[in-house]
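In: kindly return the folded structure for what I paste below:
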Amino acid sequence: MAAPRQADVEKLLVEHDIRATRQRVRVLDELAREPNDATAHELFARLRAHGERIGLATIYRTLALLSERGVIDALAHHGGELCYRLCGESHHHHLTCSECHRVVELADCSLEPWVAQISASHGFEPTGHVVEVTGICAGCRAA
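Out: Residues are numbered from 1 along each chain as shown. Next comes the predicted model:
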C-alpha cells in the first residue's frame, strides 16, 4: 500500500465529520501505512519511534472515534485486543490470519438473503452484518 498524503488523510477525516487534529492525522496516517492491521499498542510504538509525542490513551480514543464513525474497521482476531485497519468504503468482510495478522478484504457478499431469513425467523429486523473469518494463512501454514 502506498503511503497516503497528509492531505488525503485530513480529507478523509473531514468527510466523516471529524476534526483533523494533528494527533488524529498522525494516527490515521500511520494506520494507513499498514497493509494489514495494527493494535493501539503497535501504533503507539511506531509513532513514538518516529518521534511523535502522543499518549496511548489518545491513540485509543482516536481509534475508537475513527471506528465509530466508519473510517476504520475494528477486528477482533487478536486475543484480548482489537486490531484496526483502514479499509475500503464499500460493504465487505475479512479473512484474518491469527498468526501474522494478514488481512484479506472480501468484497463479495451473498449473505443478505440468509441474514434476512434468519432474522425474520427470530423476529429481528436486520440493520447490517459484519463477518470476520479467522484462521491461518497459507504462508504461516507453510512455515
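In: check the gap between the residue lying farthest from the centre of the chain and Gly128 for me.
Out: Within the chain, Ser121 marks the point farthest from the mean C-alpha position, 31.4 Å out by C-alpha atoms, centre = their mean. From Ser121 across to Gly128, the span is 18 Å (C-beta to C-beta, to the nearest Å). Glycine gets a C-beta too; all of them are placed from N, C-alpha and C.
In: now swap in His122 and tell me
Out: Noted for His122: a distance of 16 Å to Gly128, by C-beta to C-beta.
In: before we move on, what about Ala120?
Out: Distance from Ala120 to Gly128, by C-beta to C-beta: 15 Å.
In: who's more crowded, these two?
Out: Ala120 (11 against 6; other C-beta atoms under 10 Å).
In: give me the phi and psi for the more buried one.
Out: With angles defined as degrees, to the nearest 10, Ala120 sits at phi -60, psi -40.
In: which helices and strands does the lengthiest helix in the chain pack with?
Out: In the chain, with assignment by DSSP state H, the single longest helix is helix 56-68. Judged by 3 or more C-beta pairs under 8 Å, 6 or more residues apart in numbering; DSSP states H and E, helix 56-68 is in contact with helix 22-32, helix 40-49, strand 73-75, strand 83-85.
In: pick the most deeply packed of those.
Out: The highest mean neighbour count among the helices and strands packed on helix 56-68, using mean count of other C-beta atoms under 10 Å, belongs to strand 83-85: a mean of 23.
In: residues contacting that one, please?
Out: 31, 34, 36-40, 43, 63, 66-67, 72-77, 94, 96, 101, 103 (C-beta atoms under 8 Å, 6 or more residues apart in numbering).
In: could you tell me which of those count as buried?
Out: The neighbour-count criterion (16 or more other C-beta atoms under 10 Å) marks 31, 34, 37-40, 43, 63, 66, 72-75, 77, 94, 96, 101, 103 among these as buried.
In: show me where the chain dips below the pLDDT cut-off.
Out: For the chain, the stretches with pLDDT under 70 are 1-6, 78.
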